[in-house]
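Engineer: Quick one: sequence and predicted model below, then my questions.
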Amino acid sequence: MSPQEITEIAMKIAKGDNESFAGIVDEYKGFVFNFANQMSGSRELAQDLTQEIFLRAFSQLSKYKPDFPFKSWLGRVAYTTTLNYLRKKRETIAIESLAQDSPFEVKDDTHQTPEDVLLEKVTKESISKAIATLKPDLRAVVVLCGIQGVEISQAAAMLDIPEGTVKSRFSRAKEDMKQAILRTFTPKGV
Amino acid sequence: MDRIDEKIENTLKMMVDDPPETMTNQVMAKIRTGKKKPNMLWVAIASALACSVLVVGIVFSTGNLFPKADRQAAVETSAENTPSPMDSYAAKAADEDKAQPPTNSVAAAPGENAGGTGATERSAKQSESRPATKEELEELNRPIGEDLLSASDKLPQVKLVSKSKNPEELWRTIRDNSKKFSRMIENNIVGDEKTPSNKKTYIMKVILSRSYYKGWSEMVKSNGGTIEGSLTAPETGDAICVTITFEPSK
């Protein structure tokens, strides 16, 4: 959706046509929901959060300036709303659950290197859990750049940080996730 | 890039999830009912300004906040005669209690407790003898905050089942007594008769401060009602909202 289209919708809303906001929701609900889903770690929470994000965007839409890409603007709204929400709810996902859910098992295959074993364990589920162990600022970068395929420059605009910081956070997040997955499949005391 | 990084990146790309099909409707419903929260900073600034203007006005109009003689008298009065806020509250509560029938005997089932039935009749007479004033009707019909109404959908739905054969009386008693337990909250109670009076189902939304919650639920029980459903107050926030479906037993 172009900034001009967004501005037109904002003008319609200013005149009382709130229903025109549905066009924006339709266009960006996938982006917002996925962001909320991976940030909160729960599909149910993500639905509430998505509503909060769009409600906030709706109330702030008159402040949107067309010289800024709308998706970046919405991403920033999503990020700040999510951070506030997580702070308020103090939602944390215990890292212990990783170890409980995934018993240690390594095939007795002398040809497999530890790297091979780890590669087998990199699944959607294990990554989801590893994402949940990241701090919110790192998690946001992974969700935006890793999952949603947002460009580094756009993610930088959304998170209001320099592009270099996005890159370094992304590398750090991947390393942290790797370590989290490794810990998951390493028995205690070893 | 090593193989693990590559695998992680490829797996991440496959983790995009479809939103629920009803997402747009959910959001638009929230927008239709949702209200902007007031910015508390501006509220605080406005309050501080209003207080300042008031104080300045008093000083200008009297020449002094308290003339010396009045100031001395005020000190003596406050020291000797003025009851503490807790005393005032206790006295007010005692007055209100005197004015109302004891709640534990109001709505017992007929034949089960003679005193209770009498009290029910007295209560009903109190409610029916005086027609509701326009202000009272407005207050009853005033919609509570839309944001709270929408929030109430997520809160426990409480079902109230009565033993009384006279649902109108009991409903009125509970409605009137509920005000006693929810007066600390603005726009705190709405009673709506969703069906004509010959039917026996009423809907009532009550928003209570946590401190009144226990007293309210005890009052409902002592009025012959049993409560079904979770009564656990949320751990955050200072208010709860319960929806009561009042269904007298046949």
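Structural biologist: Structure received. Numbers count the residues shown, from 1 in each chain, chains lettered A, B, ... in the order given.
Engineer: is it true that residue A:4 touches residue A:70?
Structural biologist: No: between residue A:4 and residue A:70 there is no contact under C-beta atoms under 8 Å: 10.0 Å. In this view, the C-beta of every residue, glycine as well, is placed from N, C-alpha and C.
Engineer: neighbour-wise, which of those two wins?
Structural biologist: Using other C-beta atoms under 10 Å in any protein chain shown, the more surrounded residue of residue A:4 and residue A:70 is residue A:70, with 21 against 9.
Engineer: Grab the nearest non-local neighbour of the more buried one.
Structural biologist: residue A:6 (4.7 Å; C-beta to C-beta, 6 or more residues apart in numbering or on different chains).
Engineer: which residues are in contact with the strand or helix carrying that neighbour?
Structural biologist: Assignment of secondary structure by DSSP states H and E places residue A:6 within helix A:3-14. Residues from elsewhere that reach helix A:3-14 (C-beta atoms under 8 Å, 6 or more residues apart in numbering or on different chains): A:20-21, A:23-24, A:58, A:61-62, A:64, A:66-70.
Engineer: Now with 7 Å, please.
Structural biologist: A:20-21, A:23-24, A:61-62, A:64, A:66, A:70 (C-beta atoms under 7 Å, 6 or more residues apart in numbering or on different chains).
Engineer: By neighbours, which of those residues wins?
Structural biologist: Highest neighbour count within those: residue A:24, with 24 neighbours (other C-beta under 10 Å).
Engineer: how many neighbours does residue B:3 have?
Structural biologist: When neighbours are counted by other C-beta under 10 Å, residue B:3 comes out with 12.
Engineer: Quick one: find the helix or strand in chain B with the lowest mean pLDDT.
Structural biologist: Within chain B, no helix or strand scores below helix B:114-129, which has a mean of 38 by mean pLDDT, DSSP states H and E.
Engineer: Could you list the buried residues of stretch A:154-168?
Structural biologist: Buried positions in stretch A:154-168, judged by neighbour count with 16 or more other C-beta atoms under 10 Å in any protein chain shown: A:154-159, A:161, A:166.
Engineer: do the same with stretch A:17-35
Structural biologist: A:21, A:23-25, A:27-29, A:31-35.
Engineer: what's the average pLDDT for that stretch?
Structural biologist: Confidence over stretch A:17-35 (mean pLDDT, whole number) is 89.
Engineer: Could you do stretch A:66-78 as well?
Structural biologist: Throughout stretch A:66-78, pLDDT has a mean value of 87.
Engineer: How far off centre is that stretch?
Structural biologist: Stretch A:66-78 sits 15 Å away from the centroid of its parent chain (C-alpha atoms, centre = their mean, to the nearest Å).
Engineer: For that stretch, C-alpha coordinates in CSV please.
Structural biologist: Once non-C-alpha atoms are left out, stretch A:66-78 reads as follows in CSV (Å, rounded to 0.1, in the frame of the first residue of the first chain):
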residue,chain,number,x,y,z
PRO,A,66,3.8,10.0,3.9
ASP,A,67,7.5,10.5,3.5
PHE,A,68,8.1,7.5,5.7
PRO,A,69,7.3,4.0,4.4
PHE,A,70,4.1,2.9,6.0
LYS,A,71,5.2,-0.7,6.8
SER,A,72,8.2,0.8,8.7
TRP,A,73,5.9,3.1,10.6
LEU,A,74,3.5,0.2,11.4
GLY,A,75,6.5,-2.0,12.4
ARG,A,76,7.6,0.6,14.8
VAL,A,77,4.1,0.8,16.3
ALA,A,78,4.1,-3.0,16.5
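Engineer: List the buried residues in it.
Structural biologist: Of all the residues in stretch A:66-78, those buried under the rule 16+ other C-beta under 10 Å are A:69-78.
Engineer: Repeat that for stretch A:78-90.
Structural biologist: Buried, per 16+ other C-beta under 10 Å, within stretch A:78-90: A:78-79, A:81-82, A:85-86.
Engineer: so can I have CSV of those showing secondary structure and distance to chain B?
Structural biologist: Formatted as CSV, the buried residues of stretch A:78-90 follow (DSSP: H, G, I helix; E, B strand; the rest coil; distance: C-beta to the nearest C-beta, whole Å):
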residue, secondary structure, distance to chain B
A:78, helix, 13
A:79, helix, 18
A:81, helix, 13
A:82, helix, 15
A:85, helix, 12
A:86, helix, 14
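Engineer: of these, closest to residue A:145?
Structural biologist: residue A:79 (13.0 Å; C-beta to C-beta).
Engineer: ok, now which ones touch that closest one?
Structural biologist: Residue A:79 sits next to A:140, A:158-159 when contact means C-beta under 7 Å, 6+ apart.
Engineer: Likewise for residue B:9?
Structural biologist: Applying C-beta under 7 Å, 6+ apart to residue B:9 gives the contacts residue A:146.
Engineer: Ramachandran coordinates for residue A:130?
Structural biologist: Per-residue torsions, residue A:130: phi -70, psi -40 (degrees, to the nearest 10).
Engineer: Look up the closest residue to residue 26, ignoring the ones flanking it.
Structural biologist: Using chain A here. Nearest residue to residue A:26, sequence neighbours excluded (C-beta to C-beta, 6+ apart): residue B:24, at 5.4 Å.
Engineer: Can you look at chain B instead?
Structural biologist: residue A:51 (5.9 Å).
Engineer: Pull out the buried positions in the helix or strand hosting that neighbour.
Structural biologist: Here residue A:51, judged by DSSP H and E, is contained in helix A:43-60. By 16+ other C-beta under 10 Å, the buried positions in helix A:43-60 come out as A:45-59.
Engineer: again with stretch A:122-141
Structural biologist: Buried, per 16+ other C-beta under 10 Å, within stretch A:122-141: A:122, A:126-134, A:138-141.
Engineer: May I have that stretch exported as CSV, CA atoms only?
Structural biologist: C-alpha atoms of stretch A:122-141 as CSV (Å, rounded to 0.1, in the frame of the first residue of the first chain):
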residue,chain,number,x,y,z
VAL,A,122,17.4,-27.5,13.9
THR,A,123,13.7,-27.7,13.4
LYS,A,124,10.9,-25.2,13.5
GLU,A,125,10.0,-26.3,17.0
SER,A,126,13.5,-26.0,18.4
ILE,A,127,14.1,-22.6,16.7
SER,A,128,10.8,-21.4,18.1
LYS,A,129,11.9,-22.3,21.6
ALA,A,130,15.3,-20.8,21.0
ILE,A,131,13.7,-17.5,19.9
ALA,A,132,11.7,-17.4,23.1
THR,A,133,14.9,-17.4,25.1
LEU,A,134,16.2,-14.3,23.3
LYS,A,135,15.9,-10.8,24.8
PRO,A,136,13.1,-8.8,23.1
ASP,A,137,15.5,-6.6,21.2
LEU,A,138,17.3,-9.6,19.6
ARG,A,139,14.0,-11.4,19.2
ALA,A,140,12.6,-8.5,17.2
VAL,A,141,15.5,-8.6,14.8
